[in-house]
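Peer 1: Dropping a prediction and its sequence here:
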Amino acid sequence: MAFDLESVSEATSGAIGALVSTTVLYPLDTCKTKYQAEIRTGRHQKYRNISDVLWQAISTRQVLSLYQGLGTKNLQSFISQFIYFYGYSFFKRLYLQKSGNKTIGTKANLIIAAAAGAFNVVVTMPLDTASSKMQTSEFGKSKGLWKTLSEGTLGEAFDGLGISLLLTINPSIQYTVFDQLKQRMLKSKQNARTNGPGSSPEALSAFSAFVLGAVSKCVATCLTYPAIRCKVTIQAAELELEEDGTKEPQEKARRTISGALYSIWKREGLLGFFKGLQAQILKTVLSSALLLMVKEKITRTTWVLMLALRKYLLVNQIRLKNT
């Protein structure tokens, strides 16, 4: 029961951290996603950088449209992070319990994180696809969640599932790097104590968690960015004008990994796979660092609340048995 309680505590604090970071940085996320989704055709390029997206919103008086899809994104982030952190914490503690080890190695950490990430992706993929479509739609013309999902088929709701499963290595790398750095930092403290049954988990300071979160996400983003660009391209696929002026069903072609790779390579070359890398690093590093900072700071509070809730339920259970 002890590891279940800590898993729920980890999942809850992680989900709350995701809500905070998603809401605070959402306008930057919208600008980044619209910039990444555009594939240059010849010399035509609507956005030269993410600041052009922001300027378009301001010049057309559609600043509030930078928040289009925020509700869907928050729902997806909360469910996603809760599932991920619960699975990650649960399997990590189960591994330590079965193996008898006091710490988890890098290889085992990567496998556990990838397994938790894969399950999370399958569950939240329709929300992720809908969120991307809302963000990349024209300012002021975004549709609601239900309408966005109902317009397409079930298969279209899972556009990019293959590349998303591949990208589970991103949080795997991120949280593995974070956990390894965190363990080393806590071990280096002379007053670090060993957790006992019922004691709250050791936590980093807000600044340390922010720095480690930023470093870990930066490493993960740089290593997986070409796949991230392909994923956005697949989810935001639209009919485009070919260079000869005729319309071809590029949408269907770009909804596959090979189609997205070919489209980016043909239009933009090798550097196209890294278009928007700076914006991605800025957004994801800030988002992840903020998420982990909030998570670390509320983990103790969440732990205490979980203990109080368990005690309350046990007391009520005893009362019911005695009546």
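Peer 2: That came through, no problem.
Peer 1: and the lengthiest helix in the chain, what other elements does it pack with?
Peer 2: Longest helix in the chain, counting residues (DSSP state H): helix 277-322. Other helices and strands packing on helix 277-322, by 3 or more CB pairs under 8 Å, 6 or more residues apart in numbering; DSSP states H and E, are helix 2-37, helix 206-235. Any C-beta I mention is one placed from the backbone N, CA and C, and that applies to glycine too.
Peer 1: Quick one: closest of these to residue 183.
Peer 2: Closest approach to residue 183 among the helices and strands packed on helix 277-322 (CB to CB): helix 206-235, 10.6 Å.
Peer 1: Check which helices and strands the closest one is in contact with.
Peer 2: Counting by 3+ CB pairs under 8 Å, 6+ apart, helix 206-235 packs on helix 2-37, helix 106-136, helix 161-166, helix 169-188, helix 257-268, helix 277-322.
Peer 1: One more pass at 10 Å, please.
Peer 2: helix 2-37, helix 106-136, helix 161-166, helix 169-188, helix 250-254, helix 257-268, helix 277-322 (3 or more CB pairs under 10 Å, 6 or more residues apart in numbering; DSSP states H and E).
Peer 1: Could you tell me the least trusted of the ones you listed?
Peer 2: Lowest mean pLDDT of these: helix 250-254, a mean of 50.
Peer 1: what's the neighbour count on residue 101?
Peer 2: The burial count assigned to residue 101 is 11, neighbours taken as other CB atoms under 10 Å.
Peer 1: For it, which three-state class applies?
Peer 2: When classified by DSSP: H, G, I helix; E, B strand; the rest coil, residue 101 comes out as coil.
Peer 1: and the closest residue to it other than its chain neighbours, how many neighbours does it have?
Peer 2: The spatially closest residue to residue 101, leaving aside those adjacent along the chain, is residue 95, at 8.0 Å (CB to CB, 6 or more residues apart in numbering). Neighbourhood size, residue 95 [other CB under 10 Å]: 16.
Peer 1: Then residue 158?
Peer 2: Residue neighbour count, defined by other CB under 10 Å, stands at 17 for residue 158.
Peer 1: could the helices and strands packed on helix 277-322 be laid out in JSON lines, adding distance to residue 143?
Peer 2: Below are these laid out as JSON lines (distance: least, CB to CB, whole Å):
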{"stretch": "helix 2-37", "distance to residue 143": "15"}
{"stretch": "helix 206-235", "distance to residue 143": "15"}
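Peer 1: Residue 46 should be in a helix, yeah?
Peer 2: No - counting by three-state DSSP, residue 46 is located in no helix; its state is coil.
Peer 1: any idea how far the residue lying closest to it once chain neighbours are set aside lies from residue 314?
Peer 2: Among residues not flanking residue 46 along the chain, residue 38 sits closest, at 5.8 Å (CB to CB, 6+ apart). Residue 38 is 56 Å from residue 314, where distance means CB to CB, to the nearest Å.
Peer 1: More neighbours: which of the two?
Peer 2: residue 38 (20 against 10).
Peer 1: wait, the more buried one sits on residue 276?
Peer 2: Yes - counting by CB atoms under 10 Å, residue 276 is a contact partner of residue 38 at 9.2 Å.
Peer 1: what sits in contact with each of those two?
Peer 2: The contact sets of residue 38 and residue 276 overlap at 47, 232 (CB atoms under 10 Å, 6 or more residues apart in numbering).
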